[in-house]
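In: Sequence and predicted structure are below.
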Amino acid sequence: MNQNFELLRVVTQHMKDQRIRQHEAVREALIAARLPIPQAIVKDLALLRPEDARDILKDHPGFKIWQRWKSYKTALAVFERSVRDLFEAIDALADQMRDENLFTKPNKHKLDEGELHIHKELFAARNAAHSLKGHASYRLQEVACVPEFKSKQAEHFGQDGLHDFVIALRTITHHIDVVEPGYHVTHRFGGATDEITFHLDRDELRAIVESIKSESGKYKINKPGRDYLDNAPAKIDVRATFQEYFERACAFHDWFKGSLERQPPEELRDFERCLKANSDNAVRIWWKMLLGNWLKNWKTPPNPYDHLHKYLAAEQLEEVERLPRKSREQVDKVIEFVDEDNACDDEIRELAYELFARTPD
């Protein structure tokens, strides 16, 4: 028994050492190579375990820009979601205030909860805007060096200081004073819907800005942001202000993100090529193992038609069902929809043909 355990230990250690040697050999080859990484090295990367490949790819010249590109896209998605959540919170409370009398004592908790929800979403939107600026301007652009970045930024965000004001709101709220939005109801008579707005008080914000200056000798909001605040109405409409900012930000990031997608730097393009090769191989191994097991070891393989609704959208399923049942054309269409990364190879395709062919009529 002890001999068997020792043999197992020796074999396991040998396999581990072999994997480490293979791992380091691919790393050394990648470090020594120039872009684009030779296909032979990419094939070796593809055969590694995903965690090993990702570790090696930290030494790829495109790792830093890919990491920042990935973080930027996440920050952009969070910003977009946060601002939409802010709008939804404002609209929801405004509708509730029209439908119910929230100013009575029994309903006071609903008004308080609605206001807190708006406050939370405003806090999130300001922070998301600040984070997105950092990921775009100070991290991604630093390594991507997209031409016209500054001119396009000025073009889309404008020169009125709105961008600087929104970013400064985050700094003020995060570090100095948690400014809460208030509400204003304008009653409309003759059957018209009441207008309900949520606002920030301009003079309150200006007082905060000046108090910081008197305490520290420095402003926490730059000159364009202060100019915007000085020129703002006494009651700054939260929804209208963020709607305008959102439209400007989306226009700029449509350009910036689109520029990198259309013409990615060579380092980024090559890194994603290497990463995709490994990811595709892992997907192929999984599907070959799954399909092979069903077809070779199961007396009756699973019926793929029973599961298509899990992998296809309704319109895709309708398109598939219009094709001849169990035909290669139909299977090809299923693969086209399911295989979004184009990882399928001829072997997997043939296995898929066989799986569909063996389903009951």
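Out: Looks like it arrived, so ask away.

In: Averaged pLDDT, stretch 296-303. What do you get?
Out: Here stretch 296-303 scores 93 as its mean pLDDT.

In: same question, stretch 26-40
Out: Mean predicted confidence for stretch 26-40 is 94.

In: With stretch 147-165 instead?
Out: 94.

In: can you list contacts of it?
Out: Applying C-beta atoms under 8 Å, 6 or more residues apart in numbering, the external contacts of stretch 147-165 come out as 137, 141, 221-222, 224-229, 231-232, 241, 244-245, 248-249, 251-252, 255-256. Glycine gets a C-beta too; all of them are placed from N, C-alpha and C.

In: Against residue 63, how distant is residue 227?
Out: Between residue 227 and residue 63 the distance, using C-beta to C-beta, to the nearest Å, works out to 41 Å.

In: Would you mark the buried spots in the helix or strand where residue 296 lies?
Out: Assigned by DSSP states H and E, residue 296 belongs to helix 266-297. Neighbour-count burial for helix 266-297, counted by 16 or more other C-beta atoms under 10 Å, picks out 267-268, 270-271, 274-275, 277-284, 287, 291, 294.

In: ok, then the element right after that helix?
Out: By DSSP H and E, the next helix or strand past helix 266-297 is helix 308-311.

In: What are the buried residues along that following helix?
Out: residue 308.

In: Dump the C-alpha coordinates for it into PDB.
Out: Listed next in PDB are the C-alpha coordinates belonging to helix 308-311 (Å, rounded to 0.1, in the frame of the first residue of the first chain):
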ATOM      1  CA  LEU A 308     -32.200  24.900 -27.600                       C
ATOM      2  CA  HIS A 309     -34.400  27.400 -25.800                       C
ATOM      3  CA  LYS A 310     -31.700  27.700 -23.100                       C
ATOM      4  CA  TYR A 311     -29.000  28.800 -25.600                       C
END
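
In: Identify all contacting residues around it.
Out: Contact partners of helix 308-311, identified using C-beta under 8 Å, 6+ apart, comprise 317, 320, 334, 337-338.

In: helix or strand right after that helix?
Out: helix 314-321.

In: returning to what we had before: check which helices and strands the helix holding residue 296 sits against.
Out: helix 39-46, helix 50-56, helix 63-99, helix 346-357 (3 or more C-beta pairs under 8 Å, 6 or more residues apart in numbering; DSSP states H and E).

In: As TSV, these with distance to residue 330 would be great.
Out: Shown next, in TSV, are the helices and strands packed on helix 266-297 (distance: least, C-beta to C-beta, whole Å):
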stretch	distance to residue 330
helix 39-46	30
helix 50-56	32
helix 63-99	35
helix 346-357	7
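
In: any chance of those helices in a markdown table, with mean neighbour count too?
Out: As requested, those are exported to a markdown table (neighbours: other C-beta atoms under 10 Å):
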| stretch | mean neighbour count |
| --- | --- |
| helix 39-46 | 17 |
| helix 50-56 | 16 |
| helix 63-99 | 18 |
| helix 346-357 | 16 |
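
In: that older thread, just the buried residues from the contacts of helix 308-311, in PyMOL please.
Out: The PyMOL command for the buried members of the contacts of helix 308-311 (criterion: 16+ other C-beta under 10 Å) is given here:
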select buried, resi 320+334+337
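
In: nearest to residue 27, of the contacts of helix 308-311?
Out: residue 338 (33.5 Å; C-beta to C-beta).

In: can you pull the contacts of that closest one?
Out: 311-312.

In: With residue 128 instead?
Out: Going by C-beta under 8 Å, 6+ apart, the list of residues near residue 128 reads 75, 78-79, 82-83.

In: What distance do you get for it to residue 246?
Out: 11 Å.

In: Closest one of the contacts of residue 128 to residue 300?
Out: residue 78 (46.6 Å).

In: Remind me which helix or strand the nearest residue in space to the closest one that is not next to it in sequence belongs to.
Out: Setting aside the residues directly before and after it, residue 78 is nearest to residue 128 in space (C-beta to C-beta, 6 or more residues apart in numbering), at 5.2 Å. Assigned by DSSP H and E, residue 128 falls within helix 108-133.

In: where's the closest residue to residue 316 other than its chain neighbours relative to residue 344, distance?
Out: Nearest non-adjacent residue to residue 316, counting by C-beta to C-beta, 6+ apart: residue 337, 4.8 Å away. Distance, residue 337 to residue 344, using C-beta to C-beta: 11 Å.

In: same deal with residue 261?
Out: Distance, residue 261 to residue 344, by C-beta to C-beta: 24 Å.

In: Mind checking which of the two has more residues around it?
Out: residue 344 (19 against 10; other C-beta atoms under 10 Å).

In: Flag the shaky bits of the stretch 151-300 of the chain, pLDDT-wise.
Out: 174-194, 217 (pLDDT under 70).

In: in it, which spans are helices?
Out: 162-175, 202-216, 223-231, 238-262, 266-297 (DSSP state H, counting those that start in this stretch).

In: Let's have those in a markdown table, adding distance to residue 310.
Out: A markdown table is the format used below for those (distance: least, C-beta to C-beta, whole Å):
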| stretch | distance to residue 310 |
| --- | --- |
| helix 162-175 | 42 |
| helix 202-216 | 51 |
| helix 223-231 | 50 |
| helix 238-262 | 30 |
| helix 266-297 | 14 |
